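S.K.: how would this look folded up:
(one chain, ligands or ions: 1)
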Amino acid sequence: MQLPEKIQNSVLRQIAEKVVSHTPVSENDARIMLNTPDILELGMIAHHVRTELHGNRAYYGVNMNLNYTNICELKCPLCAFSKDRGEPGAYVMSLDEIREKVSQAAARGIDEVHIVGGVNPELKLDYFENMLRSIKEIDPDLFIVAFTAVEYDYFARINNLPVDTVFDRLIAAGVGALPGGGAEIFAPHIREHIAPLKISGKQWLDIMRIAHSKGLETNVTLLYNHGETAGDIVDHLYRIRRLQDETHGFKTFVPLVFHEENTKIKARRPEPTGFDDIRLFATARVYLHNLPHIKALWMYVGEKMAQILLRFGVDDIGSTYDNEKVVHAAGAKTADIGSEDHLKRLITGAHCSPVRTTAGYGRKTGSRI
Ligand code: SF4
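M.R.: Below is the predicted model of the structure:
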């Protein structure tokens, strides 16, 4: 039986018909999927797309997080991580500390270093070049996924350089891919509320366009459950799909559920339900036909939901993330390190086949797949 014949909901069946004929679904279809009560039928459609792209494979990584400073000028209301200089708990890691942490993690067998931090005017471009070179000196095979579009924009401004030059210098020092942070939600009326001093959604996409033109592949995130509407989510997905048609540089879409503890955004809405999470990830899988991967970070959605989402369009549950600080500062209850065995167990428990990889999915140290 073909996929559409298995779907009882007539509107979802029309979406399934588009999917099997490889016709991109519309923004209205995305809105319908985000609101449907028929999550099992939506899941069948999303699982079809996921299986066409990845078969039974599910990806995970063995990495460390390097949050080099929490001092940040932007003071986004959504953030529980940033501090002012001199405030208790504010820190900047020295290059020696970074070398030490990465050496220890390399000895434990990580493949990747994931680097993001606050935007701190004390840190000039040579600090980042030296950081990246030191990591490559420890092990040239360590894959480095580093700095959000917000940080690249700031590096350019604070060093009085074109963004283009910043990319060239940091690629030369070892950057292999970009994480997708700072995208938050592109819709200006919400973005101005949760991150008023951060670059606009348009600027974020412009920086990604430059990264893609340099041959860097990147992730793209969505921060959800802080006051956005379904229409704002569809707008976000639409802008991602449009840039991807132009550059083909996005590798992975990563929805991040907002954690409000210690932030300045209070009780705007309760935690998302299981239906909400499932609808969002499955809709993204179906709508973003031109992006290869959908990632559910176990640390954000919880390990059990990450595992279930492997049947709702997700093909990647994230990495071990040794020493993650950002989401834990906002109250995430998950452990700050998942062992490789545990991640493999979640994947095999969902009857998928675990594949250890990096943000490059098969490039450089990801050649294991
Ligand atoms: S979210 Fe990022 S840019 Fe905003 S205050 Fe926190 S560290 Fe700074």
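
S.K.: where do the strands sit along the stretch 101-250 of the chain?
M.R.: Under the criterion DSSP state E, counting those that start in this stretch, the stretch 101-250 of the chain contains strands at 112-115, 143-146, 177-178, 217-224, 250-257.

S.K.: hey, which of the ones you listed is tucked in deepest?
M.R.: Using mean count of other CB atoms under 10 Å, the stretch among those with the largest mean neighbour count is strand 177-178, at a mean of 28. In this view, the C-beta of every residue, glycine as well, is placed from N, C-alpha and C.

S.K.: what comes up buried for the lengthiest helix in the chain?
M.R.: Across the chain, the longest stretch assigned as helix under DSSP state H is helix 230-247. Applying a neighbour-count criterion of 16 or more other CB atoms under 10 Å, the buried positions in helix 230-247 are 230, 232-241, 243-244, 247.

S.K.: send the alpha carbons of it over as PDB?
M.R.: Only the C-alpha atoms of helix 230-247 are listed here, as PDB (Å, rounded to 0.1, in the frame of the first residue of the first chain):
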ATOM      1  CA  ALA A 230       2.400  28.800  14.400                       C
ATOM      2  CA  GLY A 231       2.600  31.500  11.700                       C
ATOM      3  CA  ASP A 232       5.900  32.700  13.100                       C
ATOM      4  CA  ILE A 233       7.300  29.200  13.000                       C
ATOM      5  CA  VAL A 234       6.100  28.800   9.400                       C
ATOM      6  CA  ASP A 235       7.800  32.100   8.500                       C
ATOM      7  CA  HIS A 236      11.000  30.800  10.100                       C
ATOM      8  CA  LEU A 237      10.900  27.600   8.100                       C
ATOM      9  CA  TYR A 238      10.000  29.400   4.900                       C
ATOM     10  CA  ARG A 239      13.100  31.700   5.200                       C
ATOM     11  CA  ILE A 240      15.400  28.700   5.900                       C
ATOM     12  CA  ARG A 241      14.000  26.700   2.900                       C
ATOM     13  CA  ARG A 242      14.400  29.800   0.600                       C
ATOM     14  CA  LEU A 243      18.000  30.300   1.500                       C
ATOM     15  CA  GLN A 244      18.700  26.600   1.200                       C
ATOM     16  CA  ASP A 245      17.400  26.600  -2.400                       C
ATOM     17  CA  GLU A 246      20.000  29.300  -3.100                       C
ATOM     18  CA  THR A 247      23.000  28.000  -1.200                       C
END
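
S.K.: report the angle between the axes of it and strand 217-224?
M.R.: 170 degrees (axes from the mean of the first three to the mean of the last three CA atoms, to 10 degrees).

S.K.: pLDDT of helix 230-247, averaged?
M.R.: For helix 230-247, the mean per-residue pLDDT is 98.

S.K.: ok so, going back, the strands of the stretch 101-250 of the chain: which one's closest to Glu129?
M.R.: Nearest of those to Glu129, taken as CB to CB: strand 143-146 at 11.3 Å.

S.K.: ok, back up a step: which other helices and strands does the longest helix of the chain contact?
M.R.: Packed against helix 230-247 by the contact rule (3 or more CB pairs under 8 Å, 6 or more residues apart in numbering; DSSP states H and E) you find helix 27-35, helix 201-213, strand 217-224, strand 250-257, helix 274-287.

S.K.: and the ligand, which of those is closest to it?
M.R.: Nearest to the ligand among those is strand 217-224; the distance by CB to the nearest ligand atom comes to 9.5 Å.

S.K.: what about that closest one, average pLDDT?
M.R.: In this model, strand 217-224 has a mean pLDDT of 97.

S.K.: so who does Asp277 touch?
M.R.: For Asp277, the contacting residues are Val257, Val301, Met305, Leu309, by CB atoms under 8 Å, 6 or more residues apart in numbering.

S.K.: Val113 contacts Leu66, doesn't it?
M.R.: Yes - with contact defined as CB atoms under 8 Å, Val113 reaches Leu66; the gap is 5.6 Å.

S.K.: shared neighbours of those two, anything?
M.R.: When contacts are counted by CB under 8 Å, 6+ apart, Val113 and Leu66 have Val102 as shared neighbours.

S.K.: which members of the contacts of Asp277 are positioned in helices?
M.R.: If you go by DSSP H, the contacts of Asp277 have Val301, Met305, Leu309 in helices.

S.K.: what number of residues lie near the residue nearest to the last one when sequence neighbours are not counted?
M.R.: I take that to be Leu309. Nearest non-adjacent residue to Leu309, counting by CB to CB, 6 or more residues apart in numbering: Ala296, 4.3 Å away. As a burial measure, Ala296 scores 29 neighbours (other CB atoms under 10 Å).
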